[in-house]
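[1] heads up, no residue letters with this:
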């Protein structure tokens, strides 16, 4: 903006980010030293220090919303990297091509290090150290970020400058809300950890054990629905008005949750759309005010009115494109749930023509988050350009019809319409006549909707001969409609990477669709509910399914421990010796699981090179006492 030239910045954002590298590396170093190694060189340094990961992309649903909010706080950084690659950490006057590439790599690495401690402090096993360091680090960054954003407010003298500043600042409000949520989260964690140290209680132990379970309530609910269909279906009785209204557009399921990576990518995409929308909207308002003021100063009121109408159309297209982009993003979430559930059942009908090896799927899944954010921004930009152009043209035509459509133009349009009217009428007549023949002449009256039968076969052959030539006219109109539909759907759904924009047989060229398919494949392979529940049953059977004589005395006599075990298992059962071989029972459960879930066969080591016929669970009637 114009006031930025007169604003002496006290806090430089680039120098502040470079200065934050020191505490960020210090926090990473400290947390790495309190992290134990599991397998690599366990005899050295008493298993210290370990490899510090930000969070488990293939893990469960712990802290998934908090992690998504942390990613949301990075949306402004992602937007700067995407839209302003030359304004990176290391700025040069005219860098060469390879220097620019190196600068981009270093910029992404620096920002990755700056946000790495926030994730590490949240997911570290040492909660007290992590919450303390995370609270201090987030407090410093949040306070300085607010200072950098409002340091130029005192230099805004005119009222319209303040309005433009606050309008542009609205785009940063969601990011600041994310940072405030992270700050409150670390404050709450620090308070809990300090209270646990000052007032130790046994109630925290059960929560730690429960969090380490392989199968959560979501997987157990999925298995319950799989074994007893309709048992966990939601009932609208007792729901408030908002929940009933939400179910008209989206029906939540108790046996499904979106993954942490998917929620993070979706949230960052939505925040970047909102931030770009507010930035472009404030820029349009600034340009509108500048042009209208300039035309009024020279006394040209007609041009000022024209600029007002023009920018009204542009802003209408911008608002409509933002609404459509967010709606498409929400519909993408709904379709993603359906795709994951299809993969659970081994169907995957939306990607049956695209086959990928397991190793390639792992590599392709790494691109999903970046591709989703980039395609969302590209799609929003293309849709904004298209709708703003159309809206501005319509606004000008509606506001100034006499200046644009002269009598000569009206005469030309009328003559063109009259010339095309007979051809259009013939095409409509042929289409309606063929529909009449289809439903009343060639339709079999005995079995109309069961088999493909044709009455009046001789008349059918005669009409097929004549329509061989007549349908060329219909084909021309259909070709133009196909082009228009392709343009319209391509512009609207360019950000939908779960659907390939290329025709069947060329879907492998769509790298975004391939990345999405790899992401879903890896997600289902590591978070399949049947696999997790089956493994959890084996773990529980090994730990707790023992004779009472072999259990320790404290486990037999303590009612509190028995209650915890029953809560962990989800049901209480009397411990007794099995009457059959454990190996035979495990093989039987494995056979039943594979019969009911054919998609798991390819994940087994024995099934990688075996071509087996698919057997549905309807072919086998098995009654297993669980």
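    Thanks, I have it. None of these values were measured; they are calculated from a predicted model.
[2] alpha carbons only for contacts and neighbour counts from here, please
    OK.
[3] Pull out the buried residues from the helix or strand hosting residue 289.
    In this structure, residue 289 sits in helix 260-297 according to DSSP states H and E. Residues of helix 260-297 classed as buried: 260-279, 281-286, 288, 292, 295 (neighbour count, 16 or more other Cα atoms under 10 Å).
[4] Ok, stretch 534-544 next?
    Neighbour counts over stretch 534-544 (16+ other Cα under 10 Å) mark 534, 536, 537 as buried.
[5] still on that earlier bit, average model confidence for the helix holding residue 289?
    Over the span of helix 260-297, the pLDDT mean works out to 87.
[6] for stretch 118-136, same thing?
    Per-residue pLDDT values across stretch 118-136 average out to 86.
[7] Repeat that for stretch 100-112.
    Mean per-residue pLDDT for stretch 100-112: 79.
[8] Kindly report the same for stretch 464-473.
    Mean predicted confidence for stretch 464-473 is 82.
[9] which residues touch it?
    The contact list for stretch 464-473 (Cα atoms under 8 Å, 6 or more residues apart in numbering) reads 427, 430.
[10] Please state the offset of it from the chain centre?
    A distance of 47 Å separates the C-alpha centroid of stretch 464-473 from that of its chain, computed with Cα atoms, centre = their mean, to the nearest Å.
[11] In that stretch, which residues are buried?
    Buried, per 16+ other Cα under 10 Å, within stretch 464-473: residue 471.
[12] In which helix or strand does residue 165 reside?
    Going by DSSP H and E, residue 165 is part of helix 159-169.
[13] Just want the angle from the helix or strand following that helix to helix 260-297.
    Where DSSP H and E defines the elements, the next helix or strand beyond helix 159-169 is helix 173-198. Counting by axes from the mean of the first three to the mean of the last three Cα atoms, to 10 degrees, helix 173-198 points 140 degrees away from the direction of helix 260-297.
[14] packing partners for helix 173-198?
    Applying 3 or more Cα pairs under 8 Å, 6 or more residues apart in numbering; DSSP states H and E, we find helix 173-198 packed against helix 64-73, helix 127-150.
[15] of all those helices, which gets the most neighbours per residue?
    Compared across the helices and strands packed on helix 173-198, helix 64-73 shows the largest average neighbour count, a mean of 21 (mean count of other Cα atoms under 10 Å).
[16] Go ahead and name everything in contact with it.
    118-119, 175-176, 178-179, 181-182, 259-261, 263-265, 267-268, 271.
[17] cool, stretch 308-326 as well?
    Stretch 308-326 is contacted by residues 270, 273-274, 277, 281, 284, 288, 292, 376, 379-380, 383-384, 387-396, 399, 492 when judged by Cα under 8 Å, 6+ apart.
[18] can you pull out the strands in this protein?
    Taking DSSP state E as the criterion, the chain carries no strands.
[19] Let me know the outermost residue of it.
    Distance from the C-alpha centroid of the chain peaks at residue 458, with 55.8 Å (Cα atoms, centre = their mean).
[20] quick one: low-confidence ranges for the stretch 151-300 of the chain?
    Applying pLDDT under 70 to the stretch 151-300 of the chain flags residues 155-162, 201-212, 233-249.
[21] Report the distance from stretch 312-321 to the chain centre.
    Distance, centroid of stretch 312-321 to centroid of chain: 25 Å (Cα atoms, centre = their mean).
[22] Residue 411 and residue 417, how far apart?
    Distance of residue 411 to residue 417, computed by Cα to Cα, to the nearest Å: 10 Å.
[23] With residue 21 instead?
    As judged by Cα to Cα, residue 21 and residue 417 stand 68 Å apart.
[24] Would you mind telling me which of these two has the busier surroundings?
    Using other Cα atoms under 10 Å as the criterion, residue 21 and residue 417 rank with residue 21 on top: 16 against 12.
[25] so what's the residue nearest to the more buried one when sequence neighbours are not counted up against?
    Among residues not flanking residue 21 along the chain, residue 114 sits closest, at 6.2 Å (Cα to Cα, 6 or more residues apart in numbering). Listed by Cα under 8 Å, 6+ apart, the contact partners of residue 114 are 17, 20, 21, 24.
[26] Could you dump those residues into TSV and include pLDDT?
    What follows is those, written out as TSV (pLDDT from 0 to 100):
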residue	pLDDT
17	81
20	84
21	88
24	88
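[27] quick one: low-confidence parts of the stretch 451-600 of the chain?
    In the stretch 451-600 of the chain (pLDDT under 70), the answer is 543-580.
[28] can you do 80?
    Residues of the stretch 451-600 of the chain that meet the criterion pLDDT under 80 lie in 451-457, 504-505, 540-582, 599.
[29] What segments of it are helices?
    Ranges of helices in the stretch 451-600 of the chain, per DSSP state H, counting those that start in this stretch, are 457-492, 511-527, 529-544, 553-557, 559-569, 582-596.
[30] quick one, which of these is packed in tightest?
    Of these, the one with the most neighbours on average (mean count of other Cα under 10 Å) is helix 511-527, at a mean of 22.
[31] Please report how far residue 276 lies from residue 316.
    Distance, residue 276 to residue 316, using Cα to Cα: 15 Å.
[32] repeat for residue 364
    Distance from residue 364 to residue 316, by Cα to Cα: 38 Å.
[33] ok, the two, which is more surrounded?
    More crowded of residue 364 and residue 316, by other Cα under 10 Å: residue 364, with 22 against 17.
[34] gap between that one and residue 525?
    14 Å.
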